[in-house]
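Novice: Would you be able to build a 3D model of this:
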Amino acid sequence: MFIIDKYLFMDIKYLLLIINVFFLISCGNKKKLDNECDKVIAIVNEKRIYLSQIDSLASFQLYDIRKNALKLFLSRYIIENEAEKNNITVDSFINLNIINSISISEDEVNKYNENQNFKSDYVKNNVIDSLKIINQLYARKRKEIFDSLIIKLKPSYDIQTFLIHPSFNTQILKSLYSYDKGNTNSETIIYVIHSYNCSSCKSAELKLKLLYEKFHRKVNFRYIFYDDYIDKSAMACDAAAVQDKHWEMHDLLINYSGEINDSILNIFVIKLELNREKFLTDINNKDFLKKHLYNRDVLNSNGIYSVPTFIVNNIIVDNIDYLEDVILWELNRQ
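Specialist: Numbers count the residues shown, from 1 in each chain. You can find the predicted model right below:
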């Protein structure tokens, strides 16, 4: 986050320069031949990497840059407007409400000194540079005071933002092998791209369950397994699904923190009262493996390389904390 002070406008210019660079390299914005987006730009172990894949990733970075730039512009507008209302300059307003509010005590410097493992640029001749510590604390406090000021002032402004995350071709997602729960007839679909070997996926599951309890009558939750290596965890859910116990196996796997091996799966089979012989046959079903390999290749070719990834209809949500807001947005559009 850039702090609004006399250097703020320089920061915004740099952000706009970066945005323009992204526009120039984007397939959708540069005059090229129609097939240039499918141009091979690298080969790794005989695997081709296409320009369209890189542009897909670049579009996500462009969104983050735009989001930060928008935040800066909104903050700048609020500061300028408040300064005008008080009949003072922007610099005077910043000095009055931010700079003059900053104070750093000796105790704060000593506490910072005790709690930090200093890098070499903080130490000279085995002596810690107190001025650098003060500058670091000053920058931190300036940011905290500025953020608090903007939060305090924002409610008095009618702000509507319409910047959304890059969209995803949902026709591609509909072709993938998945499991649904909730309102399977709903026009609003939450694609949960996950793995049973991902700690972040396991952490997200609690919030997903809360969202499911809140929206399961209105929304379809569609789970798609993705991993570089298709192991027995995914296949175990498929085998359990044959015996109508997919979600029960899913819950056991997603909540298990240790290594998922044959012994653990056997315990789960017993716990779910599955037919063990049939389970062992189905977990080695090559058709299931082919479907997961297809999912992986399709997701990779469309710029999805990490889990968890959430997509609400065609809107990619990179933070589960924002998922509910996007769900409500999509429901209100119907």
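
Novice: Glu248: neighbouring residues, count only.
Specialist: Residues within reach of Glu248, counting by other CB atoms under 10 Å, total 18. The way it works is simple: take the backbone N, C-alpha and C, and place the C-beta from them, glycine included.

Novice: gap between it and Ile254?
Specialist: 11 Å (CB to CB, to the nearest Å).

Novice: Tell me where the stretch 101-250 of the chain has strands.
Specialist: 123-124, 127-128, 179-182, 189-194, 220-225 (DSSP state E, counting those that start in this stretch).

Novice: Check which helices and strands the third one sits against.
Specialist: Just to be clear, that refers to strand 179-182. If you count contacts as 3 or more CB pairs under 8 Å, 6 or more residues apart in numbering; DSSP states H and E, strand 179-182 packs onto helix 199-215, strand 220-225, helix 246-254.

Novice: Touching that strand from outside, list them.
Specialist: With CB atoms under 8 Å, 6 or more residues apart in numbering as the test, strand 179-182 has contacts from 212, 215-217, 219-223, 237, 241, 246-247, 250.

Novice: Buried members of those residues into ChimeraX, please.
Specialist: Of these, the buried ones can be selected in ChimeraX as follows, counting by 16 or more other CB atoms under 10 Å:
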select :212,215,219,220,221,222,223,237,241,246,250
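
Novice: could I get the contacts of strand 179-182 as JSON lines with distance to Asp282?
Specialist: What follows is these, written out as JSON lines (distance: CB to CB, whole Å):
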{"residue": "Tyr212", "distance to Asp282": "26"}
{"residue": "Phe215", "distance to Asp282": "32"}
{"residue": "His216", "distance to Asp282": "28"}
{"residue": "Arg217", "distance to Asp282": "32"}
{"residue": "Val219", "distance to Asp282": "30"}
{"residue": "Asn220", "distance to Asp282": "25"}
{"residue": "Phe221", "distance to Asp282": "24"}
{"residue": "Arg222", "distance to Asp282": "22"}
{"residue": "Tyr223", "distance to Asp282": "18"}
{"residue": "Cys237", "distance to Asp282": "11"}
{"residue": "Ala241", "distance to Asp282": "9"}
{"residue": "His246", "distance to Asp282": "12"}
{"residue": "Trp247", "distance to Asp282": "16"}
{"residue": "His250", "distance to Asp282": "15"}
